[in-house]
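Participant: Pasted the sequence and its predicted model underneath.
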Amino acid sequence: MNDLDGLTPEVLNKINHNRERVIDSIGKNMDLYGITLSVGHLYGYMYFSEKPVTLDDLSQKTGMSKTSMSTGVRTLMDLKMIDKVWGKGSRKDLYEAAPDWHQNFCDYFSIKWRKAVESNMAVLAKALGEIGEMRTLYGDDEQVVRVLDHDERKITEALHYYKWLSKFIEAMESGKIFELIPKER
């Protein structure tokens with residue numbers, strides 16, 4: 001039995017309408033972060049679910065194809081926004097939303113930003129290496145040296161930013177961010 005069992009159709013319709021409004025808002029918000037509206041809706045349905053759900057449950061609720069839904073569920077799992085859980089007596093995979101929106105935010109951006117930081121720092125390190133090679137080849141040319149000095153300063157500034165961003169990501173991953181900016185309770 002769940003909390004909705006036994007409610008009158010009128011009350012049930014009002015509750016469902018209210019939930020749909022919030023679920024749509026969740027989907028639109030997640031769309032701002034680069035997650036499709038439909039995947040945002042999947043999370044919203046799981047968030048409001050009183051118990052873990054199967055892909056069949058979600059398909060019935062959302063009208064999405066199993067393929068789209070499976071892809072969406074995999075995306076949400078990769079982003080640590082939902083968990084696969086064990087259900088006694090169930091042979092189907094069960095999923096539930098990770099309810100801590102603060103942690104969801106941190107996990108999502110940590111995953112995305114870490115990839116960008118690693119990629120960009122590798123490019124910048126390579127560029128600095130090439131500047132070193134050009135200094136060896138053209139170190140006698142004052143104009144080339146001025147340009148290389150300029151570029152090296154700019155790249156070093158960018159590296160300082162990415163090192164700072166790495167520390168910020170670590171603070172989100174470790175939860176230290178919440179010491180600086182506490183969660184609302």
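Facilitator: Everything's here; your move.
Participant: what's the following helix or strand after the helix ranked longest in the chain?
Facilitator: Criterion DSSP state H: the longest helix present in the chain is helix 101-138. Towards the C-terminus, the helix or strand next in line after helix 101-138, according to DSSP states H and E, is helix 142-174.
Participant: which helices and strands sit right next to that following helix?
Facilitator: helix 101-138, helix 177-180 (3 or more Cβ pairs under 8 Å, 6 or more residues apart in numbering; DSSP states H and E). C-beta here means a position set from N, CA and C on the backbone, and glycine is covered the same way.
Participant: returning to what we had before: got the buried residues for the longest helix of the chain?
Facilitator: Along helix 101-138, these residues count as buried under the neighbour rule (16 or more other Cβ atoms under 10 Å): 103-104, 106-110, 113-114, 117, 121, 124, 127, 131, 134.
Participant: And the pLDDT at Lys80?
Facilitator: Lys80 is assigned a pLDDT of 89 by the prediction.
Participant: Relative to Phe109, how far out is it?
Facilitator: Distance of Lys80 to Phe109, given as Cβ to Cβ, to the nearest Å: 11 Å.
Participant: Now do the SS call for Asp83.
Facilitator: strand (DSSP: H, G, I helix; E, B strand; the rest coil).
Participant: just checking, it touches Tyr95?
Facilitator: Yes - at 7.0 Å, Asp83 counts as touching Tyr95 under the criterion of Cβ atoms under 8 Å.
Participant: Determine the residues that are contacts of both of those two.
Facilitator: Met77 (Cβ atoms under 8 Å, 6 or more residues apart in numbering).
Participant: More neighbours: which of the two?
Facilitator: Tyr95 (21 against 14; other Cβ atoms under 10 Å).
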